[in-house]
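Undergrad: prediction below, plus the sequence it came from.
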Amino acid sequence: PGAPVPSPGAGAVGLPVEPPETRTSSREAEADFYCVKWITWKGERTPIIMQSENGPCPLLAIMNILFLQWKASGVKLPPQKEVITAEELMAHLGDCILSTQPREPSEGLQLNFQQNINDTMTVLPKLSTGLDVNVRFTGVSDFEYTPECIVFDLLNVPLYHGWLVDPQSPEVVQAVGKLSYNQLVEKIITCKQASDSSLVSEGLVAEQFLESTASQLSYHGLCELTAAVREGELSVFFRNNHFSTMIKHKGHLYLLVTDQGFLQEERVVWESLHNVDGDSCFCDTDFHLSHAPGKEGAAAAPPDHRLQQRQMDQDYLIALSLQQQQGQDLSALSDLELARQLQQEEYQHHHHHHQQQQQQRQQPLPVQGRAQPGGRAAGERRQRQKPDLDCTLL
């Protein structure tokens, strides 16, 4: 076979692929420990591991699920623990994997378990440097099966993505088919060099799909993801070369906020996932709105005003749920068209909200609620002063 094509886990869509030895040496130079943030989760004081600038996001995403469901996993930390090493995390993970040993004395089951353990031991070191996963564009749970997937299977942790082709775009469906990311990249290269004009055209359509969904989340993918994830289910979400801990709460998707910059922000625990553009809302451990990004003076707004903002932010998610329930009524609209229509309605809401703000600005804001340069209240959005590196939160 020819030279391997980088998968999304190893540098996707034009991102440079760092040689493994370079990535390893850079991480070895960093401190081998991670900060622990304690939150109240379902009435219990619970630890979550925070993401350092170049931290091992697959390991943290899996371990944070085990900590959040500690009653089932048995994984706990001493109550005063403030930092934890990668070795300690690996030890906890190893204990969880070994605890999955089948109780039945069946020789076949035991041999299969032993083989799975052997495969897992080979994969575990990669959790600290980045897993190589290869998505398929046909379903939110569709990945090319690689040895890396065994860890998720053994721990019964669902792995999702939202990079799907809209079935109402027949040209794209034809061009992409059931191919994985790696296979699609190979097809694009082959088609662009072909003498057959129809093949060249198909290759260009496939290339346009990758470019237009470079965020690795499509509108159709978000719709399918919202429908597929079970209520209350903890899972790992793969996007933009990053693995996040995800949960579905009251029909809405949220990602666990593990950026170390939020270590001291007690009320920032979850981040909503309700559009493909990265605009999101921060929520506390009970999924109550904490900061409303892009809304000037949100921290100082009265409760009823914050409630109105939260309603506007969640309109899109509600509409997605309605689309799943009333798909036959919206069949004439593609996901992109529906999203644009809903976005236009949201703009109208924001315009009305902006007019109200103009009236409120005649009165001085309290000091703690004043907007910072750029129109954002202090602490509203994460600061992107650092360059985006491998496995950083996006």
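TA: Arrived safely.
Undergrad: name the spans of this structure whose pLDDT lies under the cut-off.
TA: Counting by pLDDT under 70, the chain has low-confidence residues at 1-31, 53-56, 105, 291-394.
Undergrad: would you map out the domains in the chain?
TA: Residue ranges for the domains of the chain, per automatic domain parsing: 25-162+218-252, 170-212, 296-359.
Undergrad: show me where this structure has strands.
TA: 33-41, 44-49, 83-85, 159-160, 234-239, 242-249, 252-256, 270-272, 282-283, 289-291, 371-372, 376-377 (DSSP state E).
Undergrad: reformat those strands as CSV; add distance to K187 and mean neighbour count.
TA: To be clear about C-beta, it is placed using only N, CA and C from the backbone, and glycine gets the same treatment. Converted to CSV, these look like this (distance: least, C-beta to C-beta, whole Å; neighbours: other C-beta atoms under 10 Å):
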stretch, distance to K187, mean neighbour count
strand 33-41, 40, 18
strand 44-49, 39, 19
strand 83-85, 43, 14
strand 159-160, 24, 24
strand 234-239, 22, 22
strand 242-249, 26, 22
strand 252-256, 31, 22
strand 270-272, 35, 24
strand 282-283, 40, 22
strand 289-291, 43, 22
strand 371-372, 47, 14
strand 376-377, 43, 20
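Undergrad: looking at the domains of the chain, which is nearest to G278?
TA: domain 25-162+218-252 (9.4 Å; C-beta to C-beta).
Undergrad: coming back round to it: now the strands of the chain in JSON lines, with distance to S141?
TA: Shown next, in JSON lines, are the strands of the chain (distance: least, C-beta to C-beta, whole Å):
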{"stretch": "strand 33-41", "distance to S141": "26"}
{"stretch": "strand 44-49", "distance to S141": "25"}
{"stretch": "strand 83-85", "distance to S141": "30"}
{"stretch": "strand 159-160", "distance to S141": "6"}
{"stretch": "strand 234-239", "distance to S141": "10"}
{"stretch": "strand 242-249", "distance to S141": "13"}
{"stretch": "strand 252-256", "distance to S141": "15"}
{"stretch": "strand 270-272", "distance to S141": "22"}
{"stretch": "strand 282-283", "distance to S141": "25"}
{"stretch": "strand 289-291", "distance to S141": "30"}
{"stretch": "strand 371-372", "distance to S141": "41"}
{"stretch": "strand 376-377", "distance to S141": "36"}
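Undergrad: what residues does stretch 197-216 touch?
TA: 8, 12-14, 135, 161-163, 165, 171-172, 174-176, 184-185, 187-192, 194, 238-240, 276-278 (C-beta atoms under 8 Å, 6 or more residues apart in numbering).
Undergrad: and with 6 Å instead?
TA: In this structure, residues lying in contact with stretch 197-216 by C-beta atoms under 6 Å, 6 or more residues apart in numbering are 13, 163, 171-172, 175-176, 184, 188, 191-192, 194, 239-240, 276.
Undergrad: check contacts around Q260.
TA: Counting by C-beta under 6 Å, 6+ apart, Q260 makes contact with 35, 50-52.
Undergrad: closest to L222 out of those residues?
TA: Closest approach between those and L222, by C-beta to C-beta: Q51, at 22.9 Å.
Undergrad: circling back to that earlier point, most surrounded residue in the contacts of stretch 197-216?
TA: Counting neighbours by other C-beta atoms under 10 Å, W163 comes out on top of those with 26 neighbours.
Undergrad: can you report how many residues lie near the residue lying closest to that one once chain neighbours are set aside?
TA: Nearest residue to W163 in three dimensions, chain neighbours excluded: Q216, at 4.7 Å (C-beta to C-beta, 6 or more residues apart in numbering). By other C-beta under 10 Å, the residues close to Q216 number 22.
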